[in-house]
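>>> Quick one, what's the 3D model for this:
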Amino acid sequence: MSWWLRRTALAIAVMAGFACGSAKLPSPPYSSHPTDALQPVPYPPPAARVEDVPVRPSEEAVWIDGEWIWQTRRWIWRRGRWVRPVPGARYAPWTSVRDEDGNLFVAAGAWRDARGRLVAEPGLPSIRDEAAPPPTVPVGIDGRVESSRPEPDASTGEDASS
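Next up, the predicted model:
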């Protein structure tokens, strides 16, 4: 086998290993949303974001993927997080559907009991304050991240509020 062919075969094997070899994160038991959980939205969310998954804080923790949440008139990114599953509950991940007229509806991820009723979000098993909600990132209609910081002054480079 030639040097080039061996090198190409090795590169393909390495890429295949990366593509297929990632470990599956522990996830909660899943369920679906009832239709009354769906809310109309004027346009679809941006593409999902790539996130770094922090170290699993405890053996009972399960990973909830990040998701776009509709708030008033814009999409907000809710980061993925480790949580302790709610005993006897299942997680209904965010979903989107269109009706026969093409109208878009979404339901945010939520925990539900066996009857489909909402259950409180479980605690966060992490080093951070367990009462703190996961951070969110506001995104405007154009898909750009909206900043709550003042824009820098073009002439000085300092915040306009300074």
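>>> switch to C-alpha atoms for all contacts and neighbour counts from now on
Noted.
>>> all helices for the chain, in order.
Secondary structure of the chain (DSSP state H): helices at 3-20.
>>> which intervals of it have sub-threshold pLDDT?
Residues of the chain meeting the criterion pLDDT under 70: 1-22, 124-162.
>>> can you give me the strands in it?
Applying DSSP state E to the chain gives strands spanning 39-41, 62-64, 67-71, 74-78, 81-83, 90-92, 95-98, 104-107, 110-112, 118-119, 136-139.
>>> how long is stretch 34-47 end to end?
24 Å (CA to CA, to the nearest Å).
>>> Next, the buried residues of that stretch.
Buried residues in stretch 34-47, counted by 16 or more other CA atoms under 10 Å: 38, 41, 45-46.
>>> and which of the residues you listed is nearest residue 96?
Taking CA to CA as the measure, residue 96 lies nearest residue 38 of the buried residues of stretch 34-47, at 8.0 Å.
>>> With residue 97 as the reference, measure out to that closest one.
Between residue 38 and residue 97 the distance is 8 Å, computed by CA to CA.
>>> now do residue 79
22 Å.
>>> give me the number of residues near residue 113?
Residue 113 has 16 neighbouring residues, counting by other CA atoms under 10 Å.
>>> List the residues that are in contact with both of residue 38 and residue 97.
Residues within reach of residue 38 and of residue 97 at once, by CA atoms under 8 Å, 6 or more residues apart in numbering, are 105-106.
>>> which residues sit in contact with residue 93?
Contacts of residue 93 were listed using CA under 8 Å, 6+ apart, and they are 30-32, 108-110.
>>> Please determine how far residue 118 is located from residue 66.
Distance, residue 118 to residue 66, using CA to CA: 19 Å.
>>> The two: who's more crowded?
residue 66 (20 against 17).
>>> Around the closest residue to that one other than its chain neighbours, how many other residues sit close by?
Distances taken as CA to CA, 6 or more residues apart in numbering put residue 80 closest to residue 66, at 3.7 Å, once the chain neighbours are dropped. Neighbourhood size, residue 80 [other CA under 10 Å]: 20.
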